[in-house]
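A.B. asks: Got a sequence here, can you model it:
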Amino acid sequence: MCIRDSLPADDKLDDQAKQTFASQLFYCRSNFDDIDGYKRLGDLLNKLDKEEHTGGNRLFYLATPPETDSTIIEQLGKSGLSKPVQQDGDKQSWVRLITEKPFGHDLASAKKLNQELAAVFQEDQIFRIDHYMGKETVQNIIAFRFANGIFEPLWNQKYIDHIQILVAESLGIGSRSEYYETEGAIRDIVQNHVMQVLSLVGMEPPADYNANDIRDEKVKVLRAIKALQPEEVNLRVVRGQYTAGTEDGKPAVAYKEEHGVNPASTTETYVALKLFIENWRWSDVPVYIRTGKHLPKRSTEVTVQFKRVPHQLYTPTETQGLVPNRLTMRIQPDEGISLKIGAKVPGAASKLSTVDMGFTYNDAFDIELPDAYERLIADCIVGDSTLFIRRDEIEESWRIIDSITEAWQKAGAETVYPYAAGTWGPKEADVLIERDGREWDNP
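C.D. replies: Numbers count the residues shown, from 1 in each chain. The predicted structure is shown next:
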């Protein structure tokens, strides 16, 4: 099958554009450890520079198994492909590398990968991609916070009661058992997606809107989260594993019955945890995090719950069912923002109810949102690393995650709590938040 035939039928490209696109694709086959293969690739790129006027610019995208990263990086260095080539006059070409998660398996392996990258590429050449950072709602967290005078003065421990971050997936592991058995939910989702979103929600205003200033502030948030002690892991982290249940009304098998899964596996498919950002802005404001497979709905969202009014004028009967003000940023699906407020129900009685003020991007701007990877790859081509993850961000997030996984290694299998597929997780996760007098905000 040719490339043109494999393009989606509903793609926005017309036939001529598809033909043009297909004509610009070239294939160079090699093993990852074959230095001659990299030389052939270099010869092909030099040929294209002359024929297609690509100016010596190179973007290497490692959409490859993580265990091959070290070999590919080393060979790119040995072959000279990691170095820009001088062009006519003073114009300098660029060489950049995109690497996909997982960025290591723990702090030690992440540091090793970063050292291997640094031995061949400069940090401004390295683009660690997390597709969540390309989603419009994630990018809009910065705009929402720092472009609206109504919210930023309230964005602190004086007015905010707590924060919830949810990454819920309705599907099971599918065909990913080999990967998932070694990573689990905390490494697959929390270490990267959740920590990136959390750092944007909690960061201080950057000095300027540029990559280094924004990433400096994100790192400060992660540094303010202390590693958990084993006794804190027992109190503030719940891990679970789905058992047989239903998915969209259809039977779903238990995780241990999935193809390729160890029948005695203790791999978590669900995690709930409570963290604290220990600085002046967020002192004593808990951040509750949940992620899991086979939950009732696919949804990723951040909920900021504000503190209740200091004195309620209305009676308990009049305010029954009224929830505190909640600001929810939906990252997927139906990207948008909503704010729950209390309002009087029309009529003679003084009855209050919660109403939703919100919008979705599709409705508000009447445009089709670009795919997250479209935005991120375009940013890499122009050299904008704002939405990509810096070396110290990776290492700080692994520091936090390692403190949890190391405690799990010493815990028994009985601490992996079961939950039926199609439910919101084990009851122990409800206890985690309810003992603080709070509740999960389920979509």
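A.B. asks: and the residue nearest the centre of the chain, what pLDDT?
C.D. replies: Most central in the chain under Cα atoms, centre = their mean is H193, positioned 1.8 Å from the mean C-alpha point. With respect to pLDDT, H193 scores 93.
A.B. asks: measure the residue lying closest to it once chain neighbours are set aside to I189 for me?
C.D. replies: Setting aside the residues directly before and after it, H193 is nearest to Y132 in space (Cβ to Cβ, 6 or more residues apart in numbering), at 4.5 Å. All C-beta atoms are positioned from the backbone trio N, CA, C, and that covers glycine. Y132 sits 9 Å away from I189, going by Cβ to Cβ, to the nearest Å.
A.B. asks: quick one: the helices in the protein?
C.D. replies: When assigned using DSSP state H, the helices of the chain occupy the ranges 3-6, 15-23, 35-52, 69-78, 107-120, 136-146, 177-185, 195-202, 211-223, 230-236, 361-365, 372-382, 391-409, 427-434.
A.B. asks: Need the ones you listed in JSON lines (columns: mean neighbour count and distance to F276).
C.D. replies: Conversion of the helices of the chain to JSON lines gives the following (neighbours: other Cβ atoms under 10 Å; distance: least, Cβ to Cβ, whole Å):
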{"stretch": "helix 3-6", "mean neighbour count": "11", "distance to F276": "49"}
{"stretch": "helix 15-23", "mean neighbour count": "11", "distance to F276": "49"}
{"stretch": "helix 35-52", "mean neighbour count": "14", "distance to F276": "47"}
{"stretch": "helix 69-78", "mean neighbour count": "18", "distance to F276": "33"}
{"stretch": "helix 107-120", "mean neighbour count": "16", "distance to F276": "20"}
{"stretch": "helix 136-146", "mean neighbour count": "18", "distance to F276": "20"}
{"stretch": "helix 177-185", "mean neighbour count": "18", "distance to F276": "21"}
{"stretch": "helix 195-202", "mean neighbour count": "23", "distance to F276": "10"}
{"stretch": "helix 211-223", "mean neighbour count": "19", "distance to F276": "11"}
{"stretch": "helix 230-236", "mean neighbour count": "15", "distance to F276": "9"}
{"stretch": "helix 361-365", "mean neighbour count": "13", "distance to F276": "32"}
{"stretch": "helix 372-382", "mean neighbour count": "15", "distance to F276": "29"}
{"stretch": "helix 391-409", "mean neighbour count": "19", "distance to F276": "11"}
{"stretch": "helix 427-434", "mean neighbour count": "17", "distance to F276": "14"}
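A.B. asks: want to throw the ones you listed into TSV with distance to L273?
C.D. replies: Shown next, in TSV, are those (distance: least, Cβ to Cβ, whole Å):
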stretch	distance to L273
helix 3-6	41
helix 15-23	44
helix 35-52	43
helix 69-78	28
helix 107-120	18
helix 136-146	20
helix 177-185	11
helix 195-202	11
helix 211-223	15
helix 230-236	6
helix 361-365	29
helix 372-382	25
helix 391-409	7
helix 427-434	8
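A.B. asks: And those, which one averages the lowest pLDDT?
C.D. replies: helix 3-6 (a mean of 71).
A.B. asks: Give me the contact list for that one.
C.D. replies: 18-19, 21-22, 25 (Cβ atoms under 8 Å, 6 or more residues apart in numbering).
A.B. asks: one step back: measure the residue nearest to the centre of the chain to I401 for me?
C.D. replies: Relative to I401, H193 is positioned 12 Å away (Cβ to Cβ).
A.B. asks: for the contacts of helix 3-6, which one is nearest I98?
C.D. replies: L25 (17.5 Å; Cβ to Cβ).
A.B. asks: Of all the helices of the chain, which one is nearest L327?
C.D. replies: helix 136-146 (8.9 Å).
A.B. asks: Please name every helix or strand in contact with that closest one.
C.D. replies: helix 195-202, strand 326-332, strand 336-344 (3 or more Cβ pairs under 8 Å, 6 or more residues apart in numbering; DSSP states H and E).
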